[in-house]
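Participant: Sequence first, predicted model second:
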Amino acid sequence: MALRLGDTAPDFTAQTTQGSVKFHDWIGDSWAVLFSHPKDFTPVCTTELGEASRLKPEFDKRNVKIIGLSVDPADSHTKWADDIKETQGHALNFPLIADADRKVSDLYDMIHPNANDTLTVRSVFIIAPTKKIRLILTYPASTGRNFAEILRVIDSMQLTDKHSVATPVNWTHGQDVIIVPSLTDEAAKQKFPGGWKTLKPYLRVVPQPK
Ligand code: BEZ
């Protein structure tokens with residue numbers, strides 16, 4: 001059955017460029033981003049992995065581990081890593097799962113046969129420390145992902161998990177947020193003593209809580 005938000009991320013053991021990983025143990029108390037790419041030695045994937053490596057300190061700051069996957073073997077990943085460093089200026093600094101037997105791809109439904117019956121699509125799973133899946137994205141092979149967007153969603157989820165707020169369209173860290181409709185004005189007074197702006201009874205805007 002397809003994975004959905006709120007499901008427990010399936011656990012697995014797999015070989016990676018950084019040795020064997022038992023997924024849930026590897027996540028530990030962190031958040032995790034598991035993302036697949038279609039194939040080694042392909043241009044868009046090369047740019048994505050360079051960018052993810054460049055942004056790794058930003059993921060670290062948010063207590064997020066990142067791990068990539070493709071259906072190529074580990075020795076291929078390792079050779080490809082040299083090209084990533086050479087062309088993108090950032091060495092691969094997180095594990096890449098070698099999923100030649102498609103065990104993990106099948107578990108996470110990353111092969112979409114009507115798009116391509118052998119290669120993984122560009123899937124993204126964001127997983128909380130509880131091991132619950134909090135976000136699922138699927139991109140076609142021809143479109144590289146926006147890793148700044150992945151960081152933005154993580155900022156939103158980490159904020160909204162702590163406070164009774166939701167983040168509006170195109171929100172980025174530091175901008176105003178919305179008080180969740182389930183919070184009454186009475187309860188909101190306790191949580192947001194500095195006040196808020198009511199545009200509609202269901203649309204109350206408040207500075208981002210610290
Ligand atoms: C790429 O990463 O460049 C790519 C991979 C598979 C199909 C098309 C592009």
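Facilitator: Yep, it's here. Remember, it's a predicted structure, so these values are computed and weren't measured experimentally.

Participant: wait, what's in contact with the nearest residue to Leu137 once chain neighbours are set aside?
Facilitator: Nearest residue to Leu137 in three dimensions, chain neighbours excluded: Val124, at 4.0 Å (C-beta to C-beta, 6 or more residues apart in numbering). Any C-beta I mention is one placed from the backbone N, CA and C, and that applies to glycine too. Each residue near Val124 by C-beta atoms under 8 Å, 6 or more residues apart in numbering is listed here: Val33, Leu34, Phe35, Leu135, Ile136, Leu137, Thr138, Tyr139, Arg145, Ile150.

Participant: does Val124 belong to a helix or a strand, and which?
Facilitator: Per DSSP states H and E, Val124 falls inside strand 122-127.

Participant: repeat for Ile66
Facilitator: If you go by DSSP H and E, Ile66 is part of strand 64-70.

Participant: Against which helices or strands is that strand packed?
Facilitator: Counting by 3 or more C-beta pairs under 8 Å, 6 or more residues apart in numbering; DSSP states H and E, the packing neighbours recorded for strand 64-70 are helix 23-27, strand 31-36, helix 43-54, helix 56-61, strand 96-98.

Participant: Just put the contacts of Val124 in CSV and tack on pLDDT and distance to Gly6.
Facilitator: Putting those into CSV (pLDDT from 0 to 100; distance: C-beta to C-beta, whole Å) gives the following:
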residue, pLDDT, distance to Gly6
Val33, 98, 17
Leu34, 98, 16
Phe35, 98, 19
Leu135, 98, 11
Ile136, 98, 11
Leu137, 98, 16
Thr138, 97, 17
Tyr139, 96, 22
Arg145, 98, 23
Ile150, 98, 19
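
Participant: Tell me where the chain is predicted with low confidence.
Facilitator: By pLDDT under 70, the chain contains no weakly predicted segment.

Participant: Name the strands paired with the strand holding Ile66 and say parallel or antiparallel.
Facilitator: Strand pairing for strand 64-70, using DSSP bridges, gives strand 31-36 (parallel), strand 96-98 (parallel).

Participant: The longest one vs helix 43-54, what angle?
Facilitator: To tie it back to what came earlier, the one meant is strand 31-36. Here the directions of strand 31-36 and helix 43-54 differ by 160 degrees (axes from the mean of the first three to the mean of the last three C-alpha atoms, to 10 degrees).

Participant: Let me know the angle separating strand 31-36 from strand 122-127.
Facilitator: With the same axes, to 10 degrees defining the directions, strand 31-36 sits at 160 degrees from strand 122-127.

Participant: Nearest residue to Thr167 in space, please, no chain neighbours.
Facilitator: Nearest non-adjacent residue to Thr167, counting by C-beta to C-beta, 6+ apart: Ser156, 4.3 Å away.

Participant: can I assume that neighbour sits in a helix?
Facilitator: Yes - according to DSSP: H, G, I helix; E, B strand; the rest coil, Ser156 belongs to a helix.

Participant: one step back: dump the helices and strands packed on strand 64-70 into a markdown table; add distance to the ligand and mean neighbour count as well.
Facilitator: Shown next, in a markdown table, are those (distance: least, C-beta to the nearest ligand atom, whole Å; neighbours: other C-beta atoms under 10 Å):
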| stretch | distance to the ligand | mean neighbour count |
| --- | --- | --- |
| helix 23-27 | 24 | 17 |
| strand 31-36 | 11 | 23 |
| helix 43-54 | 3 | 19 |
| helix 56-61 | 20 | 14 |
| strand 96-98 | 14 | 24 |
